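> Pasting a predicted model and its sequence here:
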Amino acid sequence: MNARQKRLFEEAHKKNPDLKIPEKARVSGELTASDMALLKQGVGDKTSRPQQAGGATTDESGAEVSQEQTGSVVTYFEEKGFGFLRPDNGGRDVFFHISRLAEGQSTDLTPGAKVLFELGMDRTGKMAASSVRIAPPAPPAPATPPAA
């Protein structure tokens, strides 16, 4: 405890004589049930977690169902490293961070650029895009032969 903390404690102790100095929390290597619940929600540091391949899940029949969505960039603040995507299927704009850009360059994140993304949570537990990819360009339409 530093001098300031000690002085504040002494002042508080005068007002409340039953006040005791808090003991240092014992550091335990084991995770509590609430810690495990947060980890299952995806909250916290994700640097040591393996990336999920493809972001697909399975339905009742065991077939893979992709959760990837398409959308377009609404805004991107390069100096801050984040922006917002607008899903093609409607709904609210989705926050994304540059650290979640899996494929493509940050210079490709211009307003109107098509992207593929999955929904997840950011470190605060709010809805955010994860695994953002710049959508490949659409194939050119087949040329129609001139009428003779």
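Cool, got the structure.
> that's a strand at F96, yeah?
Yes: assessed with DSSP: H, G, I helix; E, B strand; the rest coil, F96 lies in a strand.
> what sits opposite the residue nearest to it when sequence neighbours are not counted in the beta ladder?
Of all residues not flanking F96 in the chain, A129 sits nearest, at 3.9 Å (CB to CB, 6 or more residues apart in numbering). No exception for glycine: its C-beta is placed from N, CA and C like everyone else's. Taking DSSP bridges as the rule, A129 bridges to L119.
> cool, and the one 5 residues further on?
With DSSP bridges applied, the residues forming beta bridges to I134 are V115.
> Tally up the residues packed near it, please.
By other CB atoms under 10 Å, 18 other residues sit near I134.
> can you check Q69 too?
Q69 has 17 neighbouring residues, counting by other CB under 10 Å.
> quick one: it and P87 touch, right?
Yes: between Q69 and P87 a contact is recorded at 5.5 Å, counting by CB atoms under 8 Å.
> Run through the residues that contact the residue nearest to F96.
For A129, the contact set (CB atoms under 8 Å, 6 or more residues apart in numbering) comprises 85, 94-96, 100, 117-120.
> Model confidence for it, exactly?
With respect to pLDDT, A129 scores 89.
> Tell me the spacing between it and G104.
Using CB to CB, to the nearest Å, A129 is found at 13 Å from G104.
> what do those two both touch?
Between them, A129 and G104 share no contacting residue, judged by CB under 8 Å, 6+ apart.
> Show me the helices in the protein, by range?
Along the chain, the segments classed as helices by DSSP state H run 3-15, 33-41.
> for the chain, which spans come out with low pLDDT?
Along the chain, the parts satisfying pLDDT under 70 run over 1, 21-29, 38-66, 140-148.
> Let me know the distance separating Q69 from L19.
Noted for Q69: a distance of 54 Å to L19, by CB to CB.
> go on, A138?
68 Å.
> So these two - more neighbours on which side?
L19 (12 against 7).
> wait, isn't A128 in contact with R92?
No: A128 is beyond contact range of R92, at 11.5 Å (criterion: CB under 8 Å).
> Who has more neighbours out of the two?
A128 (21 against 9).
> ok, and the closest non-adjacent residue to the more buried one?
D122 (3.9 Å).
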